[in-house]
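J.: Show me the folded form of this:
(one chain, ligands or ions: 1)
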Amino acid sequence: MYNVAIAGATGAVGEELLRVLEEYNFPVKKLVPLASARSVGKEVEFKGKNLKVKELTCEVFEEEEIDIAFFSAGGSVSAKFAPCAAAAGAVVIDNTSHFRMDPDVPLVVPEVNPEDIVYWKKKGIIANPNCSTIQMVISLAPLHKEFGIKRVDVATYQAVSGAGKKGMEELIEQMRALFNFKLDKKVEEREVFPWQIALNVIPHIDKFMDEGWTREELKMVNETNKIMHTNIEVAPTCVRVPVLRSHSEAITIYCEKPVSVERAREVLANFEDVKVIDNPQKNEYPMPVIATDTDYVYVGRIRKDLYEDNVLHFFNVADQLRVGAATNAVRIGLKWIEMEGESFLKDKYGK
Ligand code: A2P
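T.: Numbering: from 1, shown residues only. Here you go, the predicted model:
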């Protein structure tokens, strides 16, 4: 059993982590919820008990003898406090982008590259990839093995909860104002998204970088290849849509071998944590309302290109707060326990 901390326990991903740890029966000896000083005294629920939130400090990990620390309180918070947790002898599973491209930090999707977990000791940190990347690589991995992917073109349709609780509130407030014919004022007050998000789509997530690409898009390019150990060309367009939860992606893959829809359906359906919903005659395909609150990547609309033999198109949807964040982190934790747990406890506690 392990002493577990959640840094960012009051946030959108933190709350989901509490739920997923409970559902997966994670071997928790003690759970310590951590957040900013603003939240001290607030309570969160875990396994039917109310736990008081403590302030995230550098010292808390040693004081509470934390073994596993999940971080989802933003990149700058991880930059400051994750090294403290690692120095106090915990393994950090970090949900932010801060350490993802660090060559000494493994970037892990347990269905795709569980073997990279062994490198956790280099810094005591394992990084959880970007939500859009996780659901994409889970569907690319079996197709890459089958057809040899050379290039991926992807357009995302990302839910507002990707921007945290404040993102959800901004959409709901704008929808409410819209129905009261007072949207203009609410749009002026917006904080999270660069434009009105209610009844709109915004082709802009995170900062603009060089040559017109956004940081979110470049995360998908770099992280995909780090996880899959490939040099695939990836060209994403990341778009925010007025959906509360679950990201969707329209994906085109260019392969070395000719593709087959039947074979694609088969290898996807046989892959861990993927469900194929692909029955156009019955209007059956993946959508956010199907994926929300589940732990699967749903794939459908699988079809061959009209012109090229080696090009395949499909649509994928997953609950990004779970598959793209909390569940992936918990799955990393469980895999880490399976691979490293025994020797970790022996080294730390001599048992
Ligand atoms: P708090 O609620 O005290 O602000 P979300 O992604 O939904 O916006 O949640 C962010 C999470 O990260 C919250 O739990 C938030 O705590 C926490 N957090 C944000 N900034 C800090 C900080 N400087 N120190 C500790 N926790 C922080």
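J.: Report the contact partners of whichever residue of the stretch 1-150 of the chain sits closest to the ligand.
T.: Proximity of the stretch 1-150 of the chain to the ligand (Cβ to the nearest ligand atom) peaks at G11, 2.1 Å away. C-betas here are computed from N, CA, C, even on glycine. Shown in contact with G11 (Cβ atoms under 8 Å, 6 or more residues apart in numbering): A35, S72, A73, G164, K165.
J.: which among these are in contact with the ligand?
T.: A35, A73, G164, K165 (Cβ under 6 Å from any ligand atom).
J.: Neighbours of the spatially closest residue to the first one that is not a sequence neighbour, how many?
T.: Right, A35. Once flanking residues are discounted, A35 sits nearest to T10: 4.5 Å by Cβ to Cβ, 6 or more residues apart in numbering. Using other Cβ atoms under 10 Å, T10 has 20 neighbouring residues.
J.: T10 falls within a strand, correct?
T.: No: T10: not assigned to a strand; according to DSSP: H, G, I helix; E, B strand; the rest coil it is coil.
J.: Might you quantify the distance of the lowest-mean-pLDDT helix or strand in the chain from its chain's geometric centre?
T.: Each helix and strand of the chain was given a mean pLDDT (mean pLDDT, DSSP states H and E); the minimum falls on helix 183-188 at a mean of 85. Distance, stretch centre to chain centre, for helix 183-188: 31 Å (Cα atoms, centre = their mean, to the nearest Å).
J.: per-residue confidence averaged over the helix or strand that that helix is followed by?
T.: Counting by DSSP states H and E, the next helix or strand C-terminal to helix 183-188 is helix 215-228. Mean pLDDT, computed over helix 215-228, is 98.
J.: by how many degrees do the helix or strand following helix 215-228 and helix 215-228 diverge?
T.: Remark: after helix 215-228, the chain's next helix or strand is strand 233-237, criterion DSSP H and E. Here strand 233-237 runs at an angle of 150 degrees relative to helix 215-228 (axes from the mean of the first three to the mean of the last three Cα atoms, to 10 degrees).
J.: Pairing partners for strand 233-237, with directions?
T.: strand 149-157 (parallel) (DSSP bridges).
J.: Using PDB, write down the CA coordinates of the strand it pairs with.
T.: Extracted in PDB, the C-alpha atoms of strand 149-157 (Å, rounded to 0.1, in the frame of the first residue of the first chain):
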ATOM      1  CA  ILE A 149       2.300   5.100 -40.600                       C
ATOM      2  CA  LYS A 150       4.400   7.800 -42.400                       C
ATOM      3  CA  ARG A 151       2.300  10.900 -41.800                       C
ATOM      4  CA  VAL A 152      -0.700  12.000 -39.800                       C
ATOM      5  CA  ASP A 153      -3.000  14.900 -40.500                       C
ATOM      6  CA  VAL A 154      -5.400  15.600 -37.600                       C
ATOM      7  CA  ALA A 155      -8.000  18.300 -36.800                       C
ATOM      8  CA  THR A 156      -9.100  18.300 -33.200                       C
ATOM      9  CA  TYR A 157     -12.500  19.300 -31.700                       C
END
